[in-house]
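Asks: Return atomic coordinates for the entry below.
(one chain, ligands or ions: 2)
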Amino acid sequence: MSSGPATLTDRKARVKQQMSDYLELTKPKIAVLLLVCVAIAAYCASNGQPDVARLIHVIVGTALVAASSCVWNQCLEVHADRRMNRTAQRPIPSGRLSRYASALFGTLLGSVGISYLLATVGVMPALIGALTWILYVFIYTPMKQVTPWNTTVGAIAGALPMLMGWLAVNPVLDLRAVALFAILFFWQFPHFMAIAWLYREDYAQGGMKMWSVVDGSGTKAGIQAVSGAMALLLVSVVPGIGQIATPNVFYMLLSLLGGVFMLVASWRFFTSRDDKTARQLLFASLIYLPCQLALLVILPSSV
Ligand code: HEM
Ligand SMILES: CC(C)=CCC/C(C)=C/CC/C(C)=C/COP(=O)(O)OP(=O)(O)O
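Replies: Numbers count the residues shown, from 1 in each chain. Ligands and ions are numbered 1, 2, ... in the order given. All right, here's what the predicted structure looks like:
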């Protein structure tokens with residue numbers, strides 16, 4: 001007799017679980033920071049006069065395309081994800097969602113996202129969105145099983161959304177646009193080398209050829225982290241140079257400070273190569289990026 005309400009409750013719980021599974025497939029935590037980057041690039045490109053509608057359009061469109069790429073990434077990696085502790089409980093390897101339904105969901109998100117970008121902010125952001133999708137899904141994802149250079153390709157895919165944000169409001173890519181791309185590109189090396197070290201056993205089990213797997217001593221991961229942090233320090237200063245006669249010293253000094261913070265965290269990881277310094281480096285990377293982005297916003301638009 002009581003099976004009616006119980007069934008309804010069960011069904012509601014199942015729908016709720018499925019919705020949260022589909023959301024999980026889109027890797028929402030990474031997406032939030034990525035979309036903040038897109039927004040900041042669009043803001044910088046607007047030279048202090050942001051077109052709010054275009055800004056919102058490029059955020060929405062990029063969110064859809066990025067979500068689609070994350071869904072497809074998990075459709076292709078299901079066997080590896082099943083073998084790794086960090087990913088085994090994801091919706092597809094755990095069997096909560098089928099690969100087919102997920103691929104359909106990802107395709108829908110991607111098609112809507114690219115069409116939305118085309119219709120609202122134009123060809124260039126849509127084109128770069130499509131290229132980034134292909135790079136992440138069809139080049140980076142299979143490359144993880146082949147060579148540690150996969151991270152370099154992944155970092156290009158991770159940084160390209162900066163150009164989507166920029167091109168949505170400004171058709172000309174200047175030195176600041178290149179610097180924004182470079183900041184996000186180089187930031188990913190210390191960010192990911194810390195993760196690659198922390199999950200090295202997992203990655204090895206999943207057949208992923210990360211630097212921390214092919215060189216178990218951690219030296220190569222450390223070198224990648226330190227080199228990335230050094231390059232990051234240099235490129236983060238560039239947006240402050242602006243017109244040579246009036247460099248923004250305030251911005252440049254604070255960027256240098258942030259760069260040194262990342263370099264010290266990377267150096268400590270390189271010299272110790274233990275979980276403690278890796279965790280500190282990952283934490284430092286997640287503190288650094290929002291601060292550096294905030295600095296870019298307060299950088300005067302005349303630069
Ligand atoms: C080569 C490129 C990248 C790789 C391989 C990578 C990989 C990862 C992985 C595996 C985690 C999960 C760590 C954990 O479970 O403890 C993570 C965390 C995170 N990543 Fe990245 N990432 C990359 C680029 C990016 C980019 C471009 C962004 C955004 C701008 C980003 C933002 C984040 C954030 C916010 C977290 C913390 C949230 C979480 O724990 O899921 N990452 N990254
Ligand atoms: C517009 C568009 C298509 C944007 C996509 C950009 C994007 C999602 C960048 C993230 C960068 C990246 C390589 C993350 C790690 O993936 P991973 O597969 O190594 O992470 P995992 O091991 O947790 O699955």
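
Asks: ok, is stretch 17-27 in contact with ligand 2 or not?
Replies: No: using CB under 6 Å from any ligand atom, stretch 17-27 never reaches ligand 2; the gap is at least 6.7 Å. Backbone N, C-alpha and C define where each C-beta goes, glycine included.

Asks: Tell me the buried residues in that stretch?
Replies: Residues of stretch 17-27 classed as buried under the neighbour-count rule (16 or more other CB atoms under 10 Å) are Asp21, Tyr22, Glu24, Leu25, Thr26, Lys27.

Asks: what's the answer for stretch 82-97, then?
Replies: Those buried within stretch 82-97 under the rule 16+ other CB under 10 Å are Arg82, Arg83, Met84, Thr87, Arg90, Pro91, Ile92, Pro93, Leu97.

Asks: Equivalent analysis for stretch 193-203, please.
Replies: Buried positions in stretch 193-203, judged by neighbour count with 16+ other CB under 10 Å: Met193, Ala194, Ile195, Ala196, Trp197, Leu198, Tyr199, Arg200, Asp202, Tyr203.

Asks: rewinding a little: ok, of the buried residues of stretch 82-97, which one's closest to ligand 2?
Replies: Proximity of those to ligand 2, judged by CB to the nearest ligand atom, is greatest for Thr87, which lies at 6.2 Å.

Asks: The closest one is in contact with Pro93, isn't it?
Replies: Yes: with contacts counted by CB atoms under 8 Å, Thr87 reaches Pro93, the gap being 6.6 Å.

Asks: any residues in contact with both of those two?
Replies: With contacts defined as CB atoms under 8 Å, 6 or more residues apart in numbering, the residues shared by Thr87 and Pro93 are Asp81.

Asks: ok so, going back, turn the buried residues of stretch 193-203 into JSON lines, including distance to ligand 1 and secondary structure.
Replies: Shown next, in JSON lines, are the buried residues of stretch 193-203 (distance: CB to the nearest ligand atom, whole Å; DSSP: H, G, I helix; E, B strand; the rest coil):
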{"residue": "Met193", "distance to ligand 1": "10", "secondary structure": "helix"}
{"residue": "Ala194", "distance to ligand 1": "9", "secondary structure": "helix"}
{"residue": "Ile195", "distance to ligand 1": "5", "secondary structure": "helix"}
{"residue": "Ala196", "distance to ligand 1": "8", "secondary structure": "helix"}
{"residue": "Trp197", "distance to ligand 1": "11", "secondary structure": "helix"}
{"residue": "Leu198", "distance to ligand 1": "7", "secondary structure": "helix"}
{"residue": "Tyr199", "distance to ligand 1": "7", "secondary structure": "coil"}
{"residue": "Arg200", "distance to ligand 1": "12", "secondary structure": "helix"}
{"residue": "Asp202", "distance to ligand 1": "9", "secondary structure": "helix"}
{"residue": "Tyr203", "distance to ligand 1": "9", "secondary structure": "helix"}
